[in-house]
Every structure is written in C-alpha cells, then in structure tokens.
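Novice: Provided below are the primary sequence and the corresponding predicted coordinates.
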Amino acid sequence: MSGSLVGRMAQHLPENNRLERIWKLAQIDFMRRYYNDRLGLLWALINPMFQIAVFYIVFTRIFNSREENFILFLFLGILIWGVFSESSRASLAILRAKRYLIENVQVNKFDLFLSHTLSVFMGFAFNLVIYLVVAMFLDASFNANALFIIPVLITLFLICMGTSMLLNTIYIFIDDIRHVWDIVVFLGFWTSGILYSVDKIIEVFPAFVYINPFLGLLKNGRNAFLYGLPPDYFLLVYNFVFAVLLLLISNYIFKRCEHLITEKL
Amino acid sequence: MAEDPVIEIRNLNKTFYVREKPVRSIREVVLNFSRLAAEKHKIEALKGVTFQVNRGEVIGIIGRNGSGKSTLLSLIMGSMKPDKGSFLKTEGTITKLTLGMGFDPNLSARHNIYVNGSILGLTFKTIGNIFWDIIGFADLDDFVDTPIRYYSTGMKTRLAFSIAVHADADVFLLDEIVGGVGDENFKMKSQQIFKDAFLSKRTILFVSHSMKNIKEFSDKVLVLDKGKQIMFGDPHVAVQSYLNLVSKETSR
C-alpha cells in the first residue's frame, strides 16, 4: 500500500503510525482532487497555464511590461500564490469532509490540516517540476542561490497551514467567511507582486512588506529560482518568523474552539 | 472484578445553548449583536451523571429517545466538551461505532480500512497483514474497491464492526449495532465476537434498545432519562427500572 519512499520510511518508526497516517490522508486528498477526472493531474497545471497566458498577453501587449523573462516571472508568482489560494479556500471544506472521522474516532485535527496542506503541495511540486523544465529552455539563471527556495517553501507551507486553521476556527461560527476570504484572496493577488515587481509595491507602500508576507516570498522565490541572486535575508527571516507565529497563534485559537466543532457541524 | 478504571465520570453535565434560528452569517451577527445572547435557548442534555467503568467491563446504556445517550458517548469520545465542574477522565484509544458511520463515502473500503485502522493505532504493515481478515469477516470480498457510498447500511456497519474488532481499541462505544445489523449469518458472527470481546477483556459501552442484549451482555447498566441518571448497576434491576419509566410514560 505504502510503496512510496515516505510511506516506507514512516514504517520504520517504532510504535508511531502518525506520520504514515498523515501521509495516507494527504495521498487520498490528492487523489480525490485530481484523479476523479480523466484529465487528472493536468488540471493542476491547466489553471495556472491559462492565467499565465492571459496575463502575459495583457501585460506585454497592452501595458508593455519590461520585466526580464516575464513568462517565468509570472509562472513562479502564480504558482506560489496559487498554492496559498487553493490551500486556504479548499481548507474551508476540511472539517465537513472529515466529519466521518471527527465524530467517530479520536483523530488529532492538527493532522487533518497537515495532510490537507501536504496534498495541496503535492500538486504544487508537480507544477514546480514543470516550471523547472520550462525555465531551462527560457534561460533562467540557476546557481547555488537556488537552494534558498527551500526556506521560502517551508515558510509558504507554514503560512498555508496557519491560515487554514485560522479560517476554520472562524468558519465554526460564521458560514459566509468564504465570501470574505474570496475578497482577501483577490486583494492579495493584486498586492503581492505577482504581475509586477515586488520592489515597485514596496516603493509605494513600504510598510506593506510587514503585513503581506507574499511580497517577501515572491521576491526571494524569484531570486532563488529565476535570477540566481541571493535572497533578501531580512525578509527571509522576517517571513519565517511571521509564518511560525501565525501557525502557533492559529493552533492556539483552534484548540480553544475545537470542542465546538461537533456541536456546530 | 478488580477496580482498574478506564473511564471515570463524576457530576457530568452538558448544556447546549441553541437558537431557534441559527445565526451563521456576518450580516446576522452584526445586525443581531445585542439580541444574540438573550435569544439563546438552554437545553440540559446531561445532569449530574456519575459512574465508573473498569477495564474489561461491558456497560449497557438505556434510555428513551432524547435521554442523552448519544451526548454521553460524544463526551466520552472527546468530540464534545462537558460543562465546567464536570469530571471526566478516560484512558487509551476510544472508538465509536454507529450505524453506517465512520467512513468517507467517496473512498473505497480499502482506503477506509487503512485510514480507520491507522487512527485506531495500527501501522500500515499490520493493516496489510490483517486486511483480508477484515474484508472476510465483513463478507465484502467482492466490494473491496467499491466506493462506500454504494454500500448498504448493513455493509457499512459490518465493515466498521470488522475494522474495530481487528483494530483492538481500548474502549468501544457501540451505538445500536450489537446483534441488530446485517443478515442472520452476520448477526450470529457479531454476537459471537461480542462475547469474545468480553472474554478478551475489552471495555465496551453499548447503547441498545434490545433489553435481551442488555441483560445478556452487560456487567452493569446505566439508565438515563431526560439527561438524568436514573440508576447505574445490576442489569436486571436497571432494565426493570427502564421498563417502569416507559410504562409510566405510556399510561399518561
């Protein structure tokens, strides 16, 4: 069953099946998301590709964008924002989807969020590989700085997870948080430097870099995986601390309210 | 039986505050902010329930509809929190089996077995070893990869029962599934397993409306009525007390 490397590794952990369970739940979520359809995993790629095509045409032909390697610039921005957008939106269905477990067995709800975020990152990993293939053909600069993508992705993961927990806590009390969240995602899309340079946004709204971690994530992500430049170390550390605090606070609030879930579901 | 408590409950209370019209949107919260607290309707689902379950005991729970049986199981499961002042302590893994519950309807039996078995403490290696025993016990050999949503209630319950029996949780909470589900063959099997579970020192709390099963299997019985504990003790006395309650209510 667990033929994957992670599954096999987890089996060697004595008396602890938690990791393999989280991995299994993530695999199931991933399969349900992409394999219920004939196009399967391609859907994970089609959506960002479509967005890239539209924005590329609009921004190069109409707005004359002069960003270097604009296709890859867009590709990476849309992928990083897309994983957050998908993870947070889909997370609003977690508790209802996993009601069958919550009501009948003693399941750690933190594991449900962890497996959900992992499943979204599986699709993201697939897209990142496609990005790398395309980037090789389009002359992106790759050097040792590319390794800084690792802390960027870890930070992104923590932010996705923390946001999911926070949204679900609100969702226990208020159903239409999803509409508010759609607005937040829309605002975030236009203020995170996906379509234009992060530096331009920081120039106009310097304080914004402290509120929106995606400015730093996109800047450092592109430095690592597109320009071959070293990261902005301050933003790298700031974003990581931001993500850890977000997760800790979200987890604390969620734990305080989780006993209400069964009553509200 | 020597005292080795796995569940200790003292003065257990659970109160629900419900609104006739639930407030679930931002607009309603903002518009009705001042009236929200006042509109709450208080329902005391459990009041002052006190009992102890020792390892290996089989406890029957009886009561009319709305007496608080399911709330009690949810509190023991930990999926709900009791009111302040209550004392509730449990040990080990607890699983609840209800009619056709506990499965993701869109997943096959195969996936559900791995997820449920894992939560009940088994490694995937162990689940792989007993996989066909679970399927065989539930008589589902031809439906291993069929999504659960196509299963009948009986098939789902057989599977849930089979996973739980093989998974060996510390405490089982059975909600109306003993000897009442499936065909005659499965009923006989589940009754036999129930007896074996008793012999193998499993701890079981089971809700049932079958007084025959309650008397046959229970060491002690808890009788609930409108959230109050009527009695906890000898099965025959408890069943009689429950029947008196029902007949009193019927004669009104």
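Specialist: Structure's in. What do you need?
Novice: Please count neighbours and contacts with C-alpha atoms only from this point.
Specialist: Fine.
Novice: phi, psi of residue A:205?
Specialist: phi -120, psi 80 (degrees, to the nearest 10).
Novice: now swap in residue A:171 and tell me
Specialist: Residue torsions, per degrees, to the nearest 10, at residue A:171 are phi -60, psi -30.
Novice: Need the three-state assignment for residue 157.
Specialist: Just so you know, I chose chain A. helix (DSSP: H, G, I helix; E, B strand; the rest coil).
Novice: that's the wrong chain, I wanted chain B
Specialist: From three-state DSSP, the assignment for residue B:157 is helix.
Novice: pLDDT at it, what is it?
Specialist: pLDDT, residue B:157: 77.
Novice: Equivalent analysis for residue A:200, please.
Specialist: 88.
Novice: Same check on residue A:221?
Specialist: 96.
Novice: did I read that right, it in a helix?
Specialist: Yes. Residue A:221 sits within a helix when classified using three-state DSSP.
Novice: list the contacts for it?
Specialist: For residue A:221, the contacting residues are A:76, A:148, A:149, A:152, by C-alpha atoms under 8 Å, 6 or more residues apart in numbering or on different chains.
Novice: Go ahead and confirm the first one touches residue A:129.
Specialist: This points to residue A:76. No. Assessed by C-alpha atoms under 8 Å, residue A:76 is found out of contact with residue A:129, at 11.3 Å.
Novice: So between those two, which is more surrounded?
Specialist: Neighbour count, other C-alpha atoms under 10 Å in any protein chain shown: between residue A:76 and residue A:129, residue A:76 has more, with 25 against 11.
Novice: Would you mind listing the buried residues in stretch B:50-66?
Specialist: Buried positions in stretch B:50-66, judged by neighbour count with 16 or more other C-alpha atoms under 10 Å in any protein chain shown: B:50-63.
Novice: Can you show me the helices along the chain?
Specialist: In the absence of a named chain, chain A is used. A:5-11, A:18-34, A:42-57, A:70-91, A:94-97, A:99-102, A:109-137, A:149-173, A:177-190, A:198-204, A:208-211, A:213-222, A:233-257, A:261-264 (DSSP state H).
Novice: not quite, I wanted chain B
Specialist: B:26-31, B:69-77, B:109-119, B:124-137, B:153-167, B:184-199, B:211-217, B:235-251.
Novice: buried ones in the fourth one?
Specialist: Applying a neighbour-count criterion of 16+ other C-alpha under 10 Å, one finds B:124, B:127, B:131, B:133, B:134, B:135, B:137 buried in helix B:124-137.
Novice: check whether it contacts chain A.
Specialist: Yes. Using C-alpha under 8 Å from any C-alpha of the partner chain, helix B:124-137 reaches chain A at B:124, B:125, B:128.
Novice: Around chain B, which positions in the stretch 51-200 of chain A sit nearby?
Specialist: Near chain B, when you scan the stretch 51-200 of chain A using C-alpha under 8 Å from any C-alpha, you find A:97-98, A:100-107, A:173-177.
Novice: tell me which helix or strand of chain B sits lowest on mean pLDDT?
Specialist: helix B:184-199 (a mean of 64; mean pLDDT, DSSP states H and E).
Novice: From the chain's centroid, how far away is stretch A:195-202?
Specialist: Chain-centre distance of stretch A:195-202: 20 Å, with C-alpha atoms, centre = their mean, to the nearest Å.
Novice: what does stretch B:120-140 give?
Specialist: 22 Å.
Novice: before we move on, what about stretch A:197-204?
Specialist: 22 Å.
Novice: Equivalent analysis for stretch B:234-249, please.
Specialist: With C-alpha atoms, centre = their mean, you get 21 Å for stretch B:234-249.
Novice: Show which residues not belonging to it make contact with it.
Specialist: B:60, B:62-64, B:211, B:214-215, B:218-223, B:231-232.
Novice: Turn the buried ones among these into a named ChimeraX selection, would you?
Specialist: Buried residues within these, by 16+ other C-alpha under 10 Å, are selected in ChimeraX with:
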select /B:60,62,63,211,214,215,218,219,220,221,222,223,231,232
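Novice: where's the closest residue to residue B:113 other than its chain neighbours relative to residue A:257, distance?
Specialist: In space, and not counting its chain neighbours, residue B:113 is closest to residue B:163: 6.7 Å by C-alpha to C-alpha, 6 or more residues apart in numbering or on different chains. Shown here: residue B:163 relative to residue A:257, a distance of 30 Å by C-alpha to C-alpha, to the nearest Å.
Novice: neighbour count winner among these two?
Specialist: A direct count of neighbours by other C-alpha under 10 Å for residue B:163 and residue A:257 places residue B:163 higher, at 26 against 14.
Novice: Compute the distance between that one and chain A, please.
Specialist: Separation of residue B:163 from chain A (C-alpha to the nearest C-alpha, to the nearest Å): 12 Å.
Novice: Could you check how far that residue is from residue B:102?
Specialist: On the measure of C-alpha to C-alpha, residue B:163 and residue B:102 end up 11 Å apart.
Novice: Same question for residue A:109.
Specialist: 15 Å.
Novice: So which of the two has more stuff around it?
Specialist: Just comparing residue A:109 and residue B:102: by other C-alpha under 10 Å the higher neighbour count belongs to residue B:102, 24 against 18.
Novice: can you tell me how far the nearest residue to the more buried one once chain neighbours are set aside sits from residue B:104?
Specialist: Among residues not flanking residue B:102 along the chain, residue A:100 sits closest, at 4.6 Å (C-alpha to C-alpha, 6+ apart). With the distance defined as C-alpha to C-alpha, residue A:100 ends up 6 Å from residue B:104.
Novice: Appreciated, that's everything.
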